[in-house]
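A.B. asks: sequence unavailable; structure follows:
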């Protein structure tokens with residue numbers, strides 16, 4: 001049970017209004033309220049509303065099953081490394097597509113925080129970790145690591161292994177994503193030249209479909225319809241949990257036809273024993289280094305796909321559909337690559353309007369003035385409804 005402060009006395013004044021049954025918020029902190037043996041109990045949880053809802057549900061179930069203790073047990077000391085292991089096993093592996101990334105982050109967390117107990121890790125120490133990592137990696141990467149660390153402590157509170165979350169008060173870096181890195185045609189040629197056979201096929205899929213790494217590695221032959229020339233990305237394998245179909249172009253068709261199907265696996269990309277590829281960071285980084293390409297990740301291939309479409313004059317809404325963006329704002333990041341799209345649109349309108357108009361010389365009464373003023377009037381042709 002969470003060792004948060006239990007309030008069993010009379011209700012304190014100036015509490016915020018009830019948001020939902022048994023749930024309150026005051027000064028950014030969520031409290032839960034429930035009854036036990038005729039007494040009202042209020043319990044301070046955290047700044048996370050969803051976490052408060054989970055804890056409230058646990059209390060209600062415990063009371064219903066006669067397992068609730070109105071005084072919290074003395075918590076045994078738990079090491080941070082044990083919480084990390086439980087997080088990977090219980091939460092990350094079955095729930096998250098980014099499991100391989102979490103494994104890498106957790107390894108780094110363990111190295112930094114050592115053998116500390118959970119309650120010994122403070123907000124200051126997390127802030128120091130943030131500062132140290134900033135000198136080693138990009139700010140966006142630090143933000144991702146802090147996001148995972150925050151999730152670990154939230155799960156710890158939910159599982160009654162932690163009391164507080166030292167990450168919640170640490171501010172993330174403000175990252176400017178306005179300028180997106182994408183590969184030039186020359187860089188694409190160099191990268192493909194240094195790819196191993198399996199990596200070559202994976203990179204070709206990314207460049208020709210814009211699919212995310214997880215979507216590609218999770219692709220099965222059942223998802224690939226060569227006859228209909230489409231790849232179906234199931235909702236469970238998509239980042240936004242929405243399924244979509246991606247066309248297979250000629251270049252990609254050649255790639256799929258050349259891949260040898262492994263009878264031991266349903267996955268398109270897998271090891272000889274049938275296990276699917278979980279991560280390709282090492283081989284991909286090796287190819288980038290050989291090609292002399294810097295400041296690029298696997299996700300850069302997705303940016304390259306969208307950017308090349310924009311540079312080729314494909315409209316933003318088509319790019320959005322092909323990339324599987326949930327919001328148009330995500331796709332609008334590539335609109336700067338088509339600076340002439342407004343001019344082209346007006347030229348199309350100009351051609352249309354000009355096809356419907358003809359100049360007419362019309363004499364106008366100028367009130368005694370000499371001459372005739374030439375006026376252009378719209379003359380709709382017989383083709384206009």
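C.D. replies: In hand now; what should we look at? Since the model is a prediction, treat every value here as computed from it, not as a measurement.
A.B. asks: mind giving me the domain split of this protein?
C.D. replies: Per the record, the chain has its domains at 6-64, 80-158, 185-337, by automatic domain parsing.
A.B. asks: which one, of those, ends up nearest to residue 353?
C.D. replies: domain 185-337 (20.9 Å; CB to CB). Using the backbone N, CA and C atoms, a C-beta is placed for each residue, glycine as well.
A.B. asks: coming back round to it: okay if I get the domains of the chain as TSV plus distance to residue 171, mean pLDDT and mean neighbour count?
C.D. replies: Formatted as TSV, the domains of the chain follow (distance: least, CB to CB, whole Å; pLDDT from 0 to 100; neighbours: other CB atoms under 10 Å):
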stretch	distance to residue 171	mean pLDDT	mean neighbour count
domain 6-64	14	73	14
domain 80-158	9	92	17
domain 185-337	23	91	16
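A.B. asks: okay, and the beta partners of residue 233?
C.D. replies: Beta bridges link residue 233 to residue 244, judged by DSSP bridges.
A.B. asks: could you check how far residue 281 is from residue 192?
C.D. replies: To residue 192, residue 281 is 18 Å away according to CB to CB, to the nearest Å.
A.B. asks: let me redo that: residue 33
C.D. replies: With distances taken as CB to CB, residue 33 is found 61 Å from residue 192.
A.B. asks: swap in residue 65?
C.D. replies: Taking CB to CB, one finds residue 65 at 60 Å from residue 192.
A.B. asks: picking that back up, now render the domains of the chain as JSON lines, adding distance to residue 174.
C.D. replies: Output for these, formatted as JSON lines (distance: least, CB to CB, whole Å):
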{"stretch": "domain 6-64", "distance to residue 174": "20"}
{"stretch": "domain 80-158", "distance to residue 174": "8"}
{"stretch": "domain 185-337", "distance to residue 174": "17"}
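A.B. asks: quick one, strands of this structure?
C.D. replies: 6-7, 23-26, 29-36, 39-46, 224-225, 230-233, 244-247 (DSSP state E).
A.B. asks: contacts only, for the residue nearest to residue 279 when sequence neighbours are not counted.
C.D. replies: Distance criterion CB to CB, 6 or more residues apart in numbering; nearest residue to residue 279, sequence neighbours excluded, is residue 100 at 4.3 Å. Listed by CB atoms under 8 Å, 6 or more residues apart in numbering, the contact partners of residue 100 are 278-279, 281.
A.B. asks: so which of those are in helices?
C.D. replies: Counted as lying in helices by DSSP state H, out of these, are residue 281.
A.B. asks: in a markdown table, list the contacts of residue 100 along with distance to residue 298.
C.D. replies: A markdown table is the format used below for those (distance: CB to CB, whole Å):
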| residue | distance to residue 298 |
| --- | --- |
| 278 | 13 |
| 279 | 10 |
| 281 | 8 |
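A.B. asks: ok, the contacts of residue 100 vs residue 137, which is closest?
C.D. replies: Within these, the smallest distance to residue 137 is 13.7 Å, found for residue 281 (CB to CB).
A.B. asks: quick one, what contacts that closest one?
C.D. replies: 100, 298 are the contacts of residue 281 under CB under 8 Å, 6+ apart.
A.B. asks: try residue 309
C.D. replies: 318-319, 322, 334.
A.B. asks: right, and out of those residues, which lies closest to residue 249?
C.D. replies: residue 322 (11.1 Å).
A.B. asks: alright, calling it a day.
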